[in-house]
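Novice: give me a 3D structure for the following:
(3 chains)
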Amino acid sequence: MPELPEVETVVRSITARIVGKSIVSASFSSHRVTRGDHDATGTALVGSTISGVERRGKQIWICLDRGFLYVHLGMTGKLLWNGEPGKYTRACLQLTDGVLLFDDIRTFGRFEFFPERDTALAPVGPDALTVPVGEFVRRLRERRGRIKAVLLSQSFLAGVGNIYSDEALYSAGIHPRTPPGRLSEARARRLHTAMVEILEAAITHKGSSISDYVDGLGERGSFQQLHAVYGRTGEPCPRCATTIRRIVVGQRGTYYCPRCQRV
DNA sequence: TCAAATGTTTGATC
DNA sequence: GGATCAAACATTTG
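Specialist: Numbering: from 1, shown residues only, chains lettered A, B, ... in the order given. All right, here's what the predicted structure looks like:
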């Protein structure tokens, strides 16, 4: 589910609803997601006022007047405004007006209070949507391994996941197993352009709803209809009609066109 | 019925 | 320090 475009869509859908409101009460049902003492987390949150919501890569930072609420959607997390609590609700914040829920089936997500921002987490690279092309190209070509694995690495670049790495590599005509150092300057720049264009288009379409992704108001995205290769094994390439193949790169299912994408 | 796969990150190991 | 792999978990797919 949630890569940069989906997280951005969630942030846009809830920000105006929660900023300026205070947390009246908090309840939790998963120690995996909160990574800590529920009472202490509740004590830290209750009484705080929400001053803003920011995204960095796939991270969501809900800024409070004292501290920060860090939210990561993992694979199946949902941040829902005024949703109905259910079997997979892991956290529930009652605000002065309305309720903010964190649902997460597989509990790979996080919902944690931090007194200070960023300090407790592994540093992430520049945001994929705003990284300057020069910086992207320079850092990319220093990396070893395979281009797809590098794009997925959040320490290299924040925000790209499995769907958008495949779509960006397809758009740029680059084979997912290409060593980054082998890319010409021109091809690396082309990859940057393709990546940013695809991320922006996906945001316009409110993200990709592959299975059950929805934004903060419960609405599905539609960008999955525009995927050229992701999840399209056996279908014809939109450009050359060659059959789309699925391989495994960096332990991840990887979709590509064997004719359009060469090393 | 069961094995494999699923969008994520992390931590261990080489 | 990087790259690679397994693990965390529940549900769906073949």
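
Novice: could you report the neighbour count for residue A:159?
Specialist: Using other C-beta atoms under 10 Å, residue A:159 is surrounded by 27 other residues. Heads up, the C-betas are built off the backbone N, CA and C, glycines and all.

Novice: I'd say it and residue A:59 touch.
Specialist: No - contact criterion C-beta atoms under 8 Å: residue A:159 and residue A:59 do not qualify, at 9.1 Å.

Novice: overlap of the contact sets of the two?
Specialist: residue A:7 (C-beta atoms under 8 Å, 6 or more residues apart in numbering).

Novice: and the residue lying closest to residue A:93 once chain neighbours are set aside, backbone torsions?
Specialist: Residue nearest to residue A:93 in three dimensions, not counting chain neighbours: residue A:100, with 4.4 Å by C-beta to C-beta, 6 or more residues apart in numbering. Dihedral pair for residue A:100: phi -110, psi 120, per degrees, to the nearest 10.

Novice: quick check: next helix or strand after the helix ranked longest in chain A?
Specialist: As assigned by DSSP state H, the longest helix anywhere in chain A is helix A:185-204. Counting by DSSP states H and E, the next helix or strand C-terminal to helix A:185-204 is strand A:245-249.

Novice: quick check: which helices or strands does that following strand pack against?
Specialist: Helices and strands touching strand A:245-249, by 3 or more C-beta pairs under 8 Å, 6 or more residues apart in numbering; DSSP states H and E, are strand A:252-256.

Novice: angle of the helix or strand harbouring residue A:141 against helix A:185-204?
Specialist: Take DSSP H and E as the rule and residue A:141 turns out to sit in helix A:133-142. Angle between the axes of helix A:133-142 and helix A:185-204 is 120 degrees (criterion: axes from the mean of the first three to the mean of the last three C-alpha atoms, to 10 degrees).
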